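Colleague: okay, here's the prediction I keep looking at, along with the sequence it came from:
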Amino acid sequence: MIVLWLRNLNRVPPNPARVCEMLRFSENPCSGAPMIRIAIIEDVQEDSDNLKALILNSLQADVRQAYTKAEAETLLKEEKFDLVLMDIELGTGAKNRYAGLGLLSDIRANWPTIVVSGMPEDNLRGLALTLHAYDFIAKPVDEQDLINKIEHALEWSNSEAGKDLTTQQGLPDGLTADPLRKNRYLWKGNAVALTMTQLSILQCLIERPGTVVETRNLVRNLKSGMSAKAIATQLSNVRTKFREFDPDFDRIDNEPGRGYFWKTTP
């Protein structure tokens, strides 16, 4: 059961006009068009209802709910959403213990997905992010943290970083978009398993190869809670993943005290 920390009840609610401007929806409640659509995939109805109430308390949204993997598969197949909130455990029994991860893999990041889980395994967060969840929230859920991550995920989805990679032109030599998966690159023909955060950082660097992207700009454009140290750690992990296929990979470089860039020559 989700325990909600409602310690921010006196906070100033989001300004609807500012939220719409920030998210840049082509169809949004500010213009009288359909509201943002959010799906909650959670097997415990009370927990699902609590999440829905928190969302509607802060955002203008059309929220749909599914309680099993089968219901979720039907819902996500038949309808389009701007964001999905998903629990890992969808029902009782061994086959449902990690059903959310299987579903996350199947939907192939068609929408930004935030995984919400109370399961204790430390590696679940990393596994969820590798499967292209946008973010991970541990139970008990903090209201402010939830809303911040939802707003940031929606903003990311409507930015250039959230677009289908196969539409990109002029990628650096050796780097191509994976035609079989929306948000994955191939390096010399090999699929590089990056998290959504790592993918966003990489996209910033390859947008203008050879040009330094200042660390402060990377921090500003990525998820809340990012810092210069976190950016350095993420890029170190990106290099490691490229080197799984290319031990001599050295295209990501840095200019000390300033930022990072994608080298145009080895």
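Modeller: Nice, I can see it.

Colleague: mind listing what's buried in the host helix or strand of residue 236?
Modeller: Here residue 236, judged by DSSP states H and E, is contained in helix 228-243. Residues of helix 228-243 classed as buried by neighbour count (16 or more other CB atoms under 10 Å): 231, 234-235, 238, 241-242. (C-beta placed from N, C-alpha, C; glycine too.)

Colleague: I'd like to know which elements that helix is packed against.
Modeller: Using 3 or more CB pairs under 8 Å, 6 or more residues apart in numbering; DSSP states H and E, the elements in contact with helix 228-243 are helix 196-206, helix 215-221, strand 252-255.

Colleague: winner for burial among those?
Modeller: Among these, helix 196-206 has the highest mean neighbour count (mean count of other CB atoms under 10 Å), at a mean of 21.

Colleague: strands of this structure, residue ranges please.
Modeller: Along the chain, counting by DSSP state E, strands occupy 36-41, 61-66, 83-87, 113-117, 135-138, 175-177, 185-187, 190-192, 213-214, 252-255, 259-262.

Colleague: so how far is the fifth one off the chain centroid?
Modeller: I take that to be strand 135-138. Chain-centre distance of strand 135-138: 10 Å, with CA atoms, centre = their mean, to the nearest Å.

Colleague: then the last one?
Modeller: Once both centres are worked out by CA atoms, centre = their mean, strand 259-262 turns out to sit 22 Å from its chain's centre.

Colleague: let me know the distance separating the residue lying closest to residue 178 once chain neighbours are set aside from residue 80.
Modeller: Distance criterion CB to CB, 6 or more residues apart in numbering; nearest residue to residue 178, sequence neighbours excluded, is residue 184 at 4.1 Å. Plainly put, residue 184 is 21 Å away from residue 80 if you go by CB to CB, to the nearest Å.

Colleague: how about a markdown table for the buried residues of helix 228-243, with distance to residue 149 added?
Modeller: Listed next are those as a markdown table, based on distance: CB to CB, whole Å:
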| residue | distance to residue 149 |
| --- | --- |
| 231 | 18 |
| 234 | 17 |
| 235 | 22 |
| 238 | 22 |
| 241 | 24 |
| 242 | 27 |
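
Colleague: quick check: the farthest pair among the residues you listed?
Modeller: Among the buried residues of helix 228-243, the pair separated by the greatest distance (CB to CB) is 231 and 242, at 16.7 Å.

Colleague: any weak-confidence spans in the stretch 101-250 of the chain?
Modeller: Counting by pLDDT under 70, the stretch 101-250 of the chain shows low-confidence ranges at 106-110, 120-123, 130, 159-169, 181-183, 221-225.

Colleague: is it true that the residue nearest to residue 178 touches residue 190?
Modeller: No. Residue 184 lies out of contact with residue 190 (CB atoms under 8 Å); the separation is 10.7 Å.

Colleague: show me which of these two is the more surrounded one.
Modeller: For residue 184 versus residue 190, the count of surrounding residues by other CB atoms under 10 Å is larger for residue 184: 18 against 13.

Colleague: dump the residue contacts of that one.
Modeller: Contacts for residue 184 (CB atoms under 8 Å, 6 or more residues apart in numbering) come out as 132, 165, 177-178, 191-194, 199.

Colleague: partner residues bridging residue 252?
Modeller: Beta bridges link residue 252 to residue 262 when assigned by DSSP bridges.

Colleague: residues contacting it?
Modeller: 205, 235, 238-239, 242, 260-263.

Colleague: phi, psi of the spatially most central residue of the chain?
Modeller: Residue closest to the average C-alpha location in the chain (CA atoms, centre = their mean): residue 134, at 1.5 Å. With angles defined as degrees, to the nearest 10, residue 134 sits at phi -70, psi -40.

Colleague: that one and residue 151 touch, don't they?
Modeller: No. Using CB under 8 Å, residue 134 is not in contact with residue 151, being 11.8 Å away.

Colleague: from residue 42, how far off is residue 52?
Modeller: Distance of residue 52 to residue 42, computed by CB to CB: 9 Å.
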